[in-house]
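Trainee: below is the sequence, then the predicted model.
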Amino acid sequence: MYYSIRPGQVWLDTEGKRIQAHGGSVIYVDGSYYFYGENKEKTDGKNGIWHWGVRCYASKDLYNWEDKGVIIPPEPENPVSSLHPASQMDRPHIIYNRDTKKYVAWLKIMNKDGTQTETVLTADEFLGPYMKVREGLKPLNMSAGDFDLAVAPDGKAYYYFERVHSETICADLTADYTDVTGYYSTHFPHPYPPYVREATAHFVRKNKHYLVTSGTTGYLPNPSEVAVGDSWHGPYTVLGNPHPEDRSNTSYHSQISSVFKVQGKKDLYIACADRWLPESMEQKYEDYAKLYEAMFNPESDINWKELEKEHPQDISGNTSIADYVWLPLRFEEPSAEYPLGMVYIDWLDEWRIEDYE
């Protein structure tokens with residue numbers, strides 16, 4: 001039994017097995033929390049298995065998680081399926097449509113040709129079964145990377161995604177949540193990695209909209225960024241890096257995946273993040289950031305292959321041992337020093353839900 005959250009430490013389910021819900025999100029349904037994400041139990045970085053479907057866990061206290069199994073299974077018999085284990089499926093997000101009474105799941109797929117598309121599924125119950133309704137979806141005819149989904153109180157839904165290696169897009173979803181309408185806004189333009197924003201996590205607090213994002217350095221961590229706006233489409237103003245005193249510039253060696261508000265608590269929001277490579281924490285952000293810029297900046301005069309030899313990336317790719325970094329958000333209200341306020345994610349070796357109002 002767990003009685004606290006211990007960021008960065010191995011987290012086991014109620015059967016004593018590692019929790020496998022990476023790039024994950026938390027949803028509250030009928031009195032239970034469900035934590036779901038990429039099932040990496042078979043991903044050792046050598047066998048060609050990127051995922052083994054979407055796995056889900058249930059909890060009442062946010063400490064102890066019961067394995068509910070694979071709710072979106074892989075399709076190992078179909079090599080062209082976006083759910084084949086070798087397909088690079090990432091960051092599932094599931095929202096509920098109160099009009100259609102369907103749960104709608106979006107999955108990001110990184111294709112072999114370099115494009116990124118979406119697979120969309122629906123189910124009558126949160127735990128499934130889920131049926132594919134779209135595959136190979138290219139929203140707005142854009143290559144769509146890491147994303148988040150959000151539903152407004154009036155039932156309208158929004159899709160925040162990285163237009164790959166370019167900018168962040170906020171797009172309106174159709175009434176059934178399975179496609180985009182064509183209306184969208186653009187945010188945070190950057191010419192190339194590692195500065196392009198990905199891993200977008202949206203949340204609302206006191207009628208303000210917040211986006212927490214990471215940079216783009218693959219599974220290697222980088223500085224996060226938080227931005228705030230007055231509406232779903234912004235415009236958004238960047239507030240800065242929410243991780244105070246993080247001298248490593250790695251967001252405590254983690255990458256944001258989602259933010260959720262704890263039920264029954266006055267102001268407790270939890271930032272969920274993955275520590276994808278716990279065995280590679282000695283690598284310096286400044287070294288691989290320079291490498292990523294050299295790789296993607298067409299005007300760079302740095303030979304990135306030579307740079308890689310100087311600073312080889314020690315990446316096992318064994319994400320089956322990835323850990324989780326869950327931390328509470330701390331809010332600095334607007335003031336003369338912080339006209340728009342500020343959001344912080346402080347490091348805590350251990351913390352308890354019960355210590356918050």
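Mentor: Received, thanks. Quantities reported herein were computed from a predicted structural model and do not represent experimental measurements.

Trainee: tell me, how many residues neighbour residue 321?
Mentor: 17 (other CB atoms under 10 Å). C-beta here means a position set from N, CA and C on the backbone, and glycine is covered the same way.

Trainee: residues in contact with it?
Mentor: When contacts are counted by CB atoms under 8 Å, 6 or more residues apart in numbering, residue 321 touches 18, 278-279.

Trainee: which of these has the weakest pLDDT?
Mentor: Least confident of these in the model: residue 279, at 92.

Trainee: all strands of the stretch 151-300 of the chain, in order?
Mentor: 157-163, 167-173, 180-187, 198-205, 208-214, 225-229, 237-240, 255-261, 269-275 (DSSP state E, counting those that start in this stretch).

Trainee: same list (those strands) but as JSON lines, adding mean neighbour count and distance to residue 130.
Mentor: Formatted as JSON lines, the strands of the stretch 151-300 of the chain follow (neighbours: other CB atoms under 10 Å; distance: least, CB to CB, whole Å):
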{"stretch": "strand 157-163", "mean neighbour count": "24", "distance to residue 130": "17"}
{"stretch": "strand 167-173", "mean neighbour count": "22", "distance to residue 130": "17"}
{"stretch": "strand 180-187", "mean neighbour count": "16", "distance to residue 130": "20"}
{"stretch": "strand 198-205", "mean neighbour count": "22", "distance to residue 130": "23"}
{"stretch": "strand 208-214", "mean neighbour count": "23", "distance to residue 130": "27"}
{"stretch": "strand 225-229", "mean neighbour count": "21", "distance to residue 130": "32"}
{"stretch": "strand 237-240", "mean neighbour count": "15", "distance to residue 130": "36"}
{"stretch": "strand 255-261", "mean neighbour count": "24", "distance to residue 130": "19"}
{"stretch": "strand 269-275", "mean neighbour count": "24", "distance to residue 130": "22"}
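
Trainee: buried ones among the contacts of residue 321?
Mentor: Buried members of the contacts of residue 321, counted by 16 or more other CB atoms under 10 Å: residue 278.

Trainee: mind putting the contacts of residue 321 into TSV with distance to residue 289?
Mentor: Converted to TSV, the contacts of residue 321 look like this (distance: CB to CB, whole Å):
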residue	distance to residue 289
18	30
278	20
279	20
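
Trainee: nearest to residue 146, of the strands of the stretch 151-300 of the chain?
Mentor: strand 198-205 (4.1 Å; CB to CB).

Trainee: can I get the closest one in CSV, CA atoms only?
Mentor: This file holds the C-alpha atoms of strand 198-205, laid out as CSV (Å, rounded to 0.1, in the frame of the first residue of the first chain):
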residue,chain,number,x,y,z
GLU,A,198,5.4,19.8,-27.7
ALA,A,199,3.7,17.7,-25.0
THR,A,200,1.0,20.3,-24.6
ALA,A,201,-1.0,20.0,-21.3
HIS,A,202,-4.1,22.3,-21.0
PHE,A,203,-6.0,23.2,-17.9
VAL,A,204,-8.3,25.9,-16.6
ARG,A,205,-8.1,27.7,-13.3
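
Trainee: each with direction, which strands does that strand pair with?
Mentor: Sheet pairing of strand 198-205 (DSSP bridges) gives strand 208-214 (antiparallel).

Trainee: now tell me what touches the strand it pairs with from outside.
Mentor: 160, 168, 187-188, 197-204, 221-232, 234, 236, 242, 251, 255-256, 259, 271, 341, 343.

Trainee: what residue is smack in the middle of this protein?
Mentor: residue 257 (2.5 Å; CA atoms, centre = their mean).

Trainee: look up how far residue 167 lies from it.
Mentor: Distance, residue 257 to residue 167, by CB to CB, to the nearest Å: 20 Å.

Trainee: hang on, the earlier thing: run through the residues that contact the residue nearest to the centre of the chain.
Mentor: Per CB under 8 Å, 6+ apart, neighbours of residue 257: 22-25, 37, 91, 199, 201, 272-274.

Trainee: mind redoing it with 10 Å?
Mentor: 21-26, 37-38, 90-91, 93, 146, 148, 199-201, 212, 214, 271-274, 324-326 (CB atoms under 10 Å, 6 or more residues apart in numbering).

Trainee: equivalent analysis for residue 260, please.
Mentor: 25-28, 33, 35, 62, 201, 203, 268-272.

Trainee: please convert the residues you listed to TSV, extending it with pLDDT.
Mentor: Output for the contacts of residue 260, formatted as TSV (pLDDT from 0 to 100):
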residue	pLDDT
25	98
26	98
27	98
28	98
33	98
35	99
62	98
201	98
203	98
268	98
269	98
270	98
271	98
272	98
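
Trainee: residue 118: which of these is nearest?
Mentor: Nearest member of these to residue 118, counting by CB to CB, is residue 25, at 15.6 Å.

Trainee: perfect, that will be all.
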